[in-house]
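A.B. asks: sequence and predicted structure below; questions after.
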Amino acid sequence: MVVKDRRGRRRYIAFRVVSDSPVSTEVITTMLNDTSNELGIRAPRLIDFDGTLAIIRCSNLEKEGILRMLANLDSTASKCMRIEPLRTSGTLRTLREKYRPHIRGVGEGSHPR
């Protein structure tokens with residue numbers, strides 16, 4: 001049995017939060033949790049958020065439901081906030097390289113590969 005059979009495969013989704021006023025991590029986390037509970041799916045985990053760009057983690061089986069949930073967040077959120085999904089990836093590293101090149105995660109060295 002392979003580890004991925006037990007743990008499951010993960011997907012990472014990058015999205016942009018467009019808002020007239022600053023949005024906190026707590027607001028995004030609460031919105032994700034509340035909306036996922038309403039839709040009956042497991043809440044994605046917020047991996048990274050800098051006020052405009054967020055990365056969440058979910059299961060590969062829940063990816064489509066999470067993308068629908070993000071569209072639902074866009075329509076139910078206050079009129080001054082919009083969610084724009086950018087890209088889905090199987091690795092966090094790919095999204096960080098594409099959208100957040102200035103941020104290095106824990107364990108990533110300073111030497112190029």
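C.D. replies: Cool, got the structure.

A.B. asks: do a quick rundown of the helices in this structure.
C.D. replies: Taking DSSP state H, the helices of the chain run over residues 3-7, 25-39, 63-76, 92-99.

A.B. asks: export those to JSON lines and tack on distance to D50?
C.D. replies: (Glycine included, C-beta is placed from N, CA and C.) Listed next are those as JSON lines, based on distance: least, Cβ to Cβ, whole Å:
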{"stretch": "helix 3-7", "distance to D50": "28"}
{"stretch": "helix 25-39", "distance to D50": "9"}
{"stretch": "helix 63-76", "distance to D50": "17"}
{"stretch": "helix 92-99", "distance to D50": "10"}
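
A.B. asks: any idea which of those helices gets closest to G51?
C.D. replies: Nearest to G51 among the helices of the chain is helix 25-39; the distance by Cβ to Cβ comes to 8.7 Å.

A.B. asks: could you list the low-pLDDT ranges of the chain?
C.D. replies: Across the chain, the ranges flagged by pLDDT under 70 are 1, 74-79, 101-113.

A.B. asks: grab the nearest non-local neighbour of N33.
C.D. replies: Distances taken as Cβ to Cβ, 6 or more residues apart in numbering put A43 closest to N33, at 4.7 Å, once the chain neighbours are dropped.

A.B. asks: how about the one you found, what does it touch?
C.D. replies: A43 makes contacts with L32, N33, S36, N37, as judged by Cβ atoms under 8 Å, 6 or more residues apart in numbering.

A.B. asks: can you select the buried ones among those for me in PyMOL?
C.D. replies: Applied in PyMOL, the following selects the buried portion of those according to 16 or more other Cβ atoms under 10 Å:
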select buried, resi 32+36
